[in-house]
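**Q** dropping the sequence and predicted coords here.
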Amino acid sequence: MDRVVFFDGECLFCDRSVRFIIKRDPQGRFKFASQQSETGQDWLARFNITDDRNSLILVEHNKAYFKSTAALRICKNLSGAWKGLYLLVIIPKPVRDFVYGIVAKNRYKWFGKKESCTLPSPEERDRFL
């Protein structure tokens, strides 16, 4: 697997983000796993990544990316104009991650928390680990 996105499975914003990526990734380049799932925990341990639910994590070609860098690398591989967001990588990482951190810290307050896991559709099931 070339690209795996690890997300906070309790976060509504994260769930919507996964749905957003799936819709704009018709080639199925990305696979997904909740950070809370057993599979997610196994994968994260394999890469020596500690529990970090305040960050979207992208493992791409056996290298882990976090926070804004993960989000921008995902955008780079999406269909349409979303690829252009990758240009934001020129903004210094501390600035990008500061803004990312504000959203991450407030995501439950602003978007809510899920009571149960969203089940993927039959067409999406093979995209989840």
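**A** On my side now, so go ahead. Residues are numbered from 1 along each chain as shown.
**Q** may I see the buried residues of the worst-scoring helix or strand of the chain on mean pLDDT?
**A** Sorting the helices and strands of the chain by mean pLDDT, DSSP states H and E puts helix 38-46 at the bottom, at a mean of 90. Within helix 38-46, the residues that count as buried by 16 or more other CB atoms under 10 Å are 40, 41, 43, 44. Just so you know, the C-beta spots here come from the backbone N, C-alpha and C atoms, and that holds for glycine as well.
**Q** again, but for stretch 85-104
**A** For stretch 85-104, the neighbour count (16+ other CB under 10 Å) marks 86, 96, 97, 100, 104 as buried.
**Q** can you list the low-confidence ranges for the chain?
**A** Filtered on pLDDT under 70, the chain yields the residue ranges 1, 51-53, 116-119.
**Q** check which helices and strands the helix ranked longest in it sits against.
**A** As assigned by DSSP state H, the longest helix anywhere in the chain is helix 93-111. Helix 93-111 sits against helix 12-23, helix 67-76, with contacts defined as 3 or more CB pairs under 8 Å, 6 or more residues apart in numbering; DSSP states H and E.
**Q** and the next helix or strand past the longest one?
**A** By that I understand helix 12-23. Counting by DSSP states H and E, the next helix or strand C-terminal to helix 12-23 is strand 30-34.
**Q** what's that next one in contact with?
**A** 1, 3-9, 18, 21-22, 39-40, 43, 74, 77, 117, 127-129 (CB atoms under 8 Å, 6 or more residues apart in numbering).
**Q** adding mean neighbour count and distance to residue 112, write the helices and strands packed on helix 93-111 out as JSON lines.
**A** Shown next, in JSON lines, are those (neighbours: other CB atoms under 10 Å; distance: least, CB to CB, whole Å):
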{"stretch": "helix 12-23", "mean neighbour count": "17", "distance to residue 112": "4"}
{"stretch": "helix 67-76", "mean neighbour count": "20", "distance to residue 112": "20"}
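**Q** dump these to a markdown table, plus distance to residue 57.
**A** Listed next are the helices and strands packed on helix 93-111 as a markdown table, based on distance: least, CB to CB, whole Å:
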| stretch | distance to residue 57 |
| --- | --- |
| helix 12-23 | 11 |
| helix 67-76 | 6 |
